[in-house]
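Undergrad: based on what follows, work out the 3D shape:
(one chain, ligands or ions: 2)
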Amino acid sequence: MTTFNPCVTCGACCASFRVSFYWAEGDDAPAGFVPHELTEQVNSFYRCMQGTNSPTPRCVALEGTIGESVGCRIYHNRPTPCREFDASIDHSNLRCDQARARFGMLPIIQVQEVA
Ligand code: SF4
Ligand code: SF4
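TA: Numbering: from 1, shown residues only. Ligands and ions are numbered 1, 2, ... in the order given. Presented below is the predicted three-dimensional model:
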């Protein structure tokens, strides 16, 4: 059985938005897990993944080529917004569609229709 995972050939959302989260998710806090050296402070409460606080964002943890083959080098320690960001498969996620469009990729639903 194969599982359709469009994210491994996409990565657009990791290079489209500021990825910010509560500062204590950083591993310099007692229960934190995100490598803090890959983050930067946004304000007193939030930090973000380095590289995403930019008009042309690209998370420092994103490896590979967008639209071809990508991976997250801190996948098991990625912050909450990454864990909660669903690909537009079982239900619509407009931000997934928007991110893909920035890199010239169709929404996943249309890719599945073509396949
Ligand atoms: S934009 Fe959508 S399909 Fe692409 S990596 Fe993000 S969640 Fe996956
Ligand atoms: S931490 Fe990983 S999943 Fe989250 S934006 Fe960066 S590369 Fe993408």
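Undergrad: quick one: the strands in the chain?
TA: For the chain, the strands defined by DSSP state E cover 20-22, 39-41, 46-49, 62-65, 69-72.
Undergrad: any idea how far M105 is from the residue nearest the centre of the chain?
TA: With distances taken as C-alpha atoms, centre = their mean, the residue of the chain nearest its centroid is C14 (3.5 Å). C14 sits 13 Å away from M105, going by C-beta to C-beta, to the nearest Å. (C-beta placed from N, C-alpha, C; glycine too.)
Undergrad: distance to R95 and mean pLDDT added to the strands of the chain, as a markdown table?
TA: Listed next are those as a markdown table, based on distance: least, C-beta to C-beta, whole Å; pLDDT from 0 to 100:
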| stretch | distance to R95 | mean pLDDT |
| --- | --- | --- |
| strand 20-22 | 14 | 98 |
| strand 39-41 | 21 | 97 |
| strand 46-49 | 16 | 98 |
| strand 62-65 | 16 | 98 |
| strand 69-72 | 17 | 98 |
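Undergrad: okay, these, which one's buried deepest?
TA: Mean neighbours per residue, mean count of other C-beta atoms under 10 Å, is largest over the strands of the chain for strand 46-49, with a mean of 22.
Undergrad: quick one: residues contacting F103.
TA: When contacts are counted by C-beta atoms under 8 Å, 6 or more residues apart in numbering, F103 is found next to 12, 15, 66-67.
Undergrad: narrow those to those that are buried.
TA: Neighbour-count burial (16 or more other C-beta atoms under 10 Å) is assigned, among these, to 12, 15, 66.
Undergrad: thought the second one was touching C59?
TA: Yes - using C-beta atoms under 8 Å, A15 and C59 qualify as a contacting pair, with a distance of 6.8 Å.
Undergrad: show me what contacts the residue nearest to the centre of the chain?
TA: With contact taken as C-beta under 8 Å, 6+ apart, C14 is in contact with 52, 58-59, 61-62, 66, 70, 72, 82.
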